[in-house]
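Undergrad: A predicted structure for the sequence below; I have some questions about it.
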Amino acid sequence: MSLSTDDIKRIARLARIETSDAEAAATQAQLNSIFGLIATMQAVDTAGIAPMAHAQEVYQRLRDDAVTESDRHTTFQAVAPAVENGLYLVPKVIE
Amino acid sequence: MKWETVIGLEVHTQLATKSKIFSGSSTAFGAAPNTQASAVDIALPGVLPVLNRGAVECAIKFGLAIGATLNRVNVFDRKNYFYPDLPKGYQISQLAKPIVEGGALKIIVEGEEKTVNLTRAHMEEDAGKSLHEDFHGMTGIDLNRAGTPLLEIVSEPEMRSSAEAVAYARALHTLVTWIGICDGNMQEGSFRVDANVSVRPVGQAEFGTRREIKNLNSFKFLQQAIDYEVRWQIETLEDGGRIEQATVLFDPDSGETRMMRSKEDAHDYRYFPDPDLLPVKLDEDWIERVRAALPELPVAMQARFQAEYGVSAYDAAVLTGSRALADYFETAARACGQGKLAANWVMGELSAALNKAELGIASSPVSAAQLGALIARIQDGTLSGKLAKQVFEGLWEGAGEVDAIIEARGLKQMSDAGELEKIVDEVLAANPKSVEEFRAGKDKAFNALIGQVMKASKGKANPAQVNDLLKTRLQ
Amino acid sequence: MSDASLSTLAAQLAAKQVSSRELAQVYLDRIAALNPAINAFITVDPDKTLLEAAGADVRIAAGNAGPLTGIPVAHKDIFCTDGWLTTCGSKMLSNFVAPYDATVIERFKAAGMPSLGKTNMDEFAMGSSNETSYFGAVKNPWNLAYVPGGSSGGAAACVAARMAPAATGTDTGGSIRQPAALTGITGLKPTYGLVSRYGMIAFASSLDQAGPMALSAEDCALLLNAMTGFDPRDSTSLEREKEDYTRDLEKPLAGLRVGLPREFFAEGLNNEVAAAVEAAVAELKKLGATPVEISLANSKLAIPVYYVLAPAEASSNLSRFDGVRYGYRAPDYANLDDMYCKTRAQGFGAEVKRRILIGAYVLSHGYYDAYYLQAQKIRRLIADDFSEAFKTCDVILGPTAPGTAFKLGEKSDDPVEMYLNDLYTIPANLAGLPGMSLPCGFDAKGLPIGLQLVGNYFSEAKMLNVAHQYQRATNWHAHAPEGLK
């Protein structure tokens, strides 16, 4: 599996990480080396094997439907980059 | 070229739980920005989701109500994309193994019954809100809504007109409010409809390319948006153009749909099972408890109304438009034992008055018991239909109970045969022309005579008696 | 004093030979003297530490002390700590003062252990050498030109240098065990689900687990007692009866079957490490254990599987770092999209970005089955290998890492070479099994060698027993780096 710089730029776009052509080229060799490593597991025959998502065979615990949280926006917004009237500010969103 | 419209609806219903689906924050509407957004809701580093039992129970109720399959083990997946109202950069949803699959909903369109099949319904979390009013060129993000539990209900693409789509949406709205899983408040965003619309030449098996109209929050907009979109698609195709898959928004002011700003890469959501959550197990005991506690559902109630009260299928459908309305009707019908009359009054006089006053059935000034008593007085001959309307008005104004109003306003129907005969004779004497015309074969003249008698008796004559008397006299 | 075991320190505190404040001051002084060269800490706040120590003294005086009250501990900077800078070794969080405590932090506070500060780490726990930290590399106290291992390099180094008697670490692919091995200390990764992940900044959710790092198995057992327990805020936290992990420390090892995976003693393993581990096996035999050869046939696939699953989960977990609600936001941007892209390009280091790209790729449309799903299936094969192995042995033993510490900069150009450091540790993470590393010798350069124990699910007490008996019979764990006064 070999990634082209176009592949890298497309993935970087999905991940919202600005990547110049030069950066894509620079990281390409390393990424392809990692994919070379990953390729060794492609060929393994896993027919009939159930995927393992969790270590234990346990099911989701359910929480009672009750309000347990209170207003902490002052504390939480003290670490925000931009806040006004209790709202988080971001560059204008255009739909 | 004859075209066929194909519509599938995805409806997002906010579940009526006290707290959010993955956090203990309140779901109450209208709080000041970010005052109901906990650490989990704002996706601080290190926080984790824990599932609200109430949300699962709502989903179970819904699955049972539409006769769907409840997946005893269902899984949450992450849907990854970037948007400022989505704090984690992913939405926790269900893809491969949703809690509900299949099911069906009966709808009535222009008097005809149709069954619409559902594909699935799954639990997911709502996103926050973007406030686009200018904050010096910035957008404000309120995360109070982020994490509110949603049930996304997906229909098969079986609707063939905007009318069918609206009928389906209304029936679904009725059902989710009926079973109490959603408050149905469309202005507040509790029930939001996305419409997938495509067209194809009649007879073609493959579907055309569909476009998705997002976030319609009224039945009127749903209908307008679909109608516009269908016209636009047909025009485009007839002009030789192609339909590209797209997500569009409906603009109520212009009545048009328009494409949303580039979301080209939005469809690689890189779904994978959420490792912070374990598979959800539904045990049989729980399902049975929910099933036992389900109220009688609209369809069952409709059948029962037809059987027990003799109302028509159409009327039964209207009367089960909401649980409150159905309960009202049933109470009134039981009180007077006159199902058909009760149906007429509820759907006629009462509904008209409520609409005019912009009230819901729950706020009706006339109680079901009172309406029942009113109808009983019509049935036992005390009141004529026309006078009953006056009594109704009296009840509406809060003038007291039925008998008291009849008494106070002297509305008792005249039934004294002697008095009535006198009036009939007077009217016949005063209207020789009508008598002649009737004898000449004009039935309309008979009605004119009835009208005169009713007028002379100030509406208090019993119409049936008048009818009989006139017939006898005119022989 | 700085070499004393936790129970010794506890005894001294109880006997009023030393106060918590005095004890904290001793370590703070060592940090002031030694940290500039080692860079084990990102944040140190003596005032806060002494305040917490004063609180511990009050508890001790009131007779409310627990087994660890008054003993200071250092915390890996991955644990959100209320009012403390919590950076995760990244520029992205270099300004983030956490507004809440992780459950692990709450538990240590409840135990009465003052915090000595937040330790340095590979950025977002991605690394095996502590060279990817935004705050500079950590140096191995045994030789400052060498790496301490990672990602809990700071925690390991601070314990090894006796700047703290105990530290918390996290282990996703070996990040507690490998640095413990490279710095000659003892570190343990519990069974997945025993320690709450709430407040622990997520790297790979299904693999991450917090654990203790200290100078001995006995100390780790005491710390584990404080750290474990059901947490309703973590859906993956297990509800189990509370255990005392010190309960079996003194059990004799007679009859113990020690499984030696042939795959862990094959090519790629440094000779000196092999020799030291074999000597350790001989030692255990003297103590009554019986070595048994086992096979973990699919363990060679552990690295590729890990480098699909961990980056996949990480790519999603790190999406929240977008400059909107906290953390770094790029100073200049043209629009929202640009803000995201520049914030994340500037806020994340190269290794983190690489892993996010890998993760996004293996989850992307068309590749999910071939990569992610395939990896999850092989994961089951790896876990099944262990289950099979534990039918014929009670605990598995092998080297922790294929070599000893390497020079700073030696492997940081080739990610794959770096990843191979985790060859022996990753399988336990994939299976969710507990593992620990303890010192068992030194190489010719004087660099520590670690041996790894992997136990069956919930067998921490047994692993600690084996380690403790080994540490009674040997004194590798008592060696301290020279020249660190």
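TA: Structure received. Numbering: from 1, shown residues only, chains lettered A, B, ... in the order given.
Undergrad: and the stretch 301-450 of chain B, which residues reach chain C?
TA: Of all the residues in the stretch 301-450 of chain B, not one is in contact range of chain C (C-beta under 8 Å from any C-beta of the partner chain). In short, each C-beta sits where N, CA and C put it, glycine included.
Undergrad: can you list the weak-confidence ranges in the stretch 301-450 of chain B?
TA: By pLDDT under 70, the weakly predicted segments of the stretch 301-450 of chain B are B:415.
Undergrad: for chain A, what's the nearest residue on it?
TA: For the stretch 301-450 of chain B, the residue closest to chain A is B:R323, as judged by C-beta to the nearest C-beta, at 21.6 Å.
Undergrad: what about the closest residue to that residue other than its chain neighbours, neighbour count?
TA: With C-beta to C-beta, 6 or more residues apart in numbering or on different chains as the criterion, B:R323 has its nearest non-adjacent residue at 4.9 Å, and that residue is B:W178. Residues near B:W178, counting by other C-beta atoms under 10 Å in any protein chain shown, number 23.
Undergrad: what do you get for C:G136?
TA: Using other C-beta under 10 Å, C:G136 is surrounded by 12 other residues.
Undergrad: correct me if wrong: it contacts C:I38.
TA: No: between C:G136 and C:I38 there is no contact, the gap being 10.6 Å when judged by C-beta atoms under 8 Å.
Undergrad: picking that back up, now do the contacts for the residue nearest to B:R323.
TA: B:W178 sits next to B:65, B:295, B:297-298, B:322-323 when contact means C-beta atoms under 8 Å, 6 or more residues apart in numbering or on different chains.
Undergrad: and the lowest-mean-pLDDT helix or strand in chain C with chain A, contact?
TA: For chain C, using mean pLDDT, DSSP states H and E, the weakest element among its helices and strands is helix C:415-419, scoring a mean of 84. Yes: under the criterion of C-beta under 8 Å from any C-beta, chain A is reached by helix C:415-419 at C:415-416, C:419.
Undergrad: need the next SSE after that helix, C-terminal direction.
TA: Proceeding C-terminally, helix C:415-419 gives way to helix C:426-431 as the next helix or strand, assigned by DSSP states H and E.
Undergrad: packing partners for the next helix or strand after that next one?
TA: Reading on from helix C:426-431 to the C-terminus, the next helix or strand found by DSSP H and E is strand C:435-442. In terms of contact count using 3 or more C-beta pairs under 8 Å, 6 or more residues apart in numbering or on different chains; DSSP states H and E, strand C:435-442 is assigned the packing partners helix C:177-183, strand C:186-189, helix C:217-227, helix C:271-286, strand C:448-455, helix C:460-473.
Undergrad: export these to a markdown table and tack on distance to chain B and mean pLDDT?
TA: What follows is the helices and strands packed on strand C:435-442, written out as a markdown table (distance: least, C-beta to the nearest C-beta, whole Å; pLDDT from 0 to 100):
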| stretch | distance to chain B | mean pLDDT |
| --- | --- | --- |
| helix C:177-183 | 21 | 98 |
| strand C:186-189 | 17 | 98 |
| helix C:217-227 | 16 | 98 |
| helix C:271-286 | 33 | 98 |
| strand C:448-455 | 22 | 98 |
| helix C:460-473 | 22 | 98 |
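Undergrad: between these, which gets nearest to C:G70?
TA: Taking C-beta to C-beta as the criterion, C:G70 comes closest to helix C:217-227 out of the helices and strands packed on strand C:435-442, the separation being 13.0 Å.
Undergrad: and the very next helix or strand once past the closest one, C-alpha only, in PDB?
TA: Elements were assigned by DSSP H and E; along the chain past helix C:217-227, the next helix or strand is strand C:257-261. Once side chains and other backbone atoms are set aside, the C-alpha atoms of strand C:257-261 remain, and they are given as PDB (Å, rounded to 0.1, in the frame of the first residue of the first chain):
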ATOM      1  CA  ARG C 257       4.700 -22.200  36.300                       C
ATOM      2  CA  VAL C 258       6.500 -19.400  34.400                       C
ATOM      3  CA  GLY C 259       5.700 -19.300  30.700                       C
ATOM      4  CA  LEU C 260       8.500 -18.200  28.400                       C
ATOM      5  CA  PRO C 261       7.100 -17.200  24.900                       C
END
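Undergrad: just checking, what packs against strand C:257-261?
TA: Based on contacts counted as 3+ C-beta pairs under 8 Å, 6+ apart, the elements that strand C:257-261 packs against are helix C:271-286, strand C:290-294, strand C:395-399.
Undergrad: now that strand against strand C:448-455, angle please.
TA: On the basis of axes from the mean of the first three to the mean of the last three C-alpha atoms, to 10 degrees, strand C:257-261 is oriented at 110 degrees to strand C:448-455.
Undergrad: nearest to B:K444, out of the helices and strands packed on strand C:435-442?
TA: With C-beta to C-beta, the closest approach to B:K444 among the helices and strands packed on strand C:435-442 belongs to helix C:217-227: 95.8 Å.
Undergrad: ok, residues contacting that closest one?
TA: With contact meaning C-beta under 8 Å, 6+ apart, helix C:217-227 is reached by C:5-7, C:66-68, C:73, C:104, C:107-108, C:110-111, C:113, C:165-166, C:168, C:186-188, C:190, C:195, C:210-214, C:243-246, C:249, C:436, C:438, C:460-461, C:464, C:467-468, C:470-471.
Undergrad: emit the PyMOL select command for whichever of those residues are buried.
TA: PyMOL command restricting the contacts of helix C:217-227 to the buried ones, with burial defined by 16 or more other C-beta atoms under 10 Å in any protein chain shown:
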select buried, chain C and resi 6+7+66+68+73+104+107+108+111+113+165+166+168+186+187+188+190+195+210+211+212+213+214+243+245+246+249+436+438+460+461+464+467+468+470+471
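Undergrad: C:I71 touches C:A11, doesn't it?
TA: No: using C-beta under 8 Å, C:I71 makes no contact with C:A11, being 10.8 Å away.
Undergrad: ok, longest helix in chain C?
TA: Here the longest helix in chain C is taken by residue count, with DSSP state H as the criterion, and it is helix C:20-38.
Undergrad: show me what counts as buried in it.
TA: So for helix C:20-38, counting by 16+ other C-beta under 10 Å, buried means C:20-28, C:30-31, C:34-35, C:38.
Undergrad: I'd like the residues you listed as CSV, with pLDDT and distance to chain A appended.
TA: As requested, these are arranged in CSV below (pLDDT from 0 to 100; distance: C-beta to the nearest C-beta, whole Å):
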residue, pLDDT, distance to chain A
C:S20, 98, 29
C:R21, 98, 29
C:E22, 97, 34
C:L23, 97, 32
C:A24, 98, 27
C:Q25, 98, 31
C:V26, 96, 33
C:Y27, 97, 29
C:L28, 98, 27
C:R30, 96, 31
C:I31, 98, 26
C:L34, 97, 31
C:N35, 98, 26
C:I38, 98, 29
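Undergrad: report the closest residue of chain A relative to chain C.
TA: Among all residues of chain A, A:A55 sits closest to chain C, at 2.4 Å; criterion: C-beta to the nearest C-beta.
Undergrad: pretty sure that residue is in a strand, no?
TA: No: looking at A:A55 with DSSP: H, G, I helix; E, B strand; the rest coil, it is coil, so not inside a strand.
Undergrad: for it, give me phi and psi.
TA: Main-chain dihedrals, A:A55, degrees, to the nearest 10: phi -70, psi -40.
Undergrad: burial count for it?
TA: Per other C-beta under 10 Å, the neighbour tally for A:A55 reads 22.
Undergrad: contact partners for it?
TA: With contacts defined as C-beta under 8 Å, 6+ apart, A:A55 is in contact with C:191-193, C:206, C:383, C:431-433, C:457.
Undergrad: for B:K106, same thing?
TA: If a contact means C-beta under 8 Å, 6+ apart, then B:K106 has B:113-116, B:171, B:299 as its contacts.
Undergrad: try 10 Å
TA: By C-beta atoms under 10 Å, 6 or more residues apart in numbering or on different chains, B:K106 lies in contact with B:66, B:113-116, B:167-168, B:171, B:298-299, B:302, B:317.
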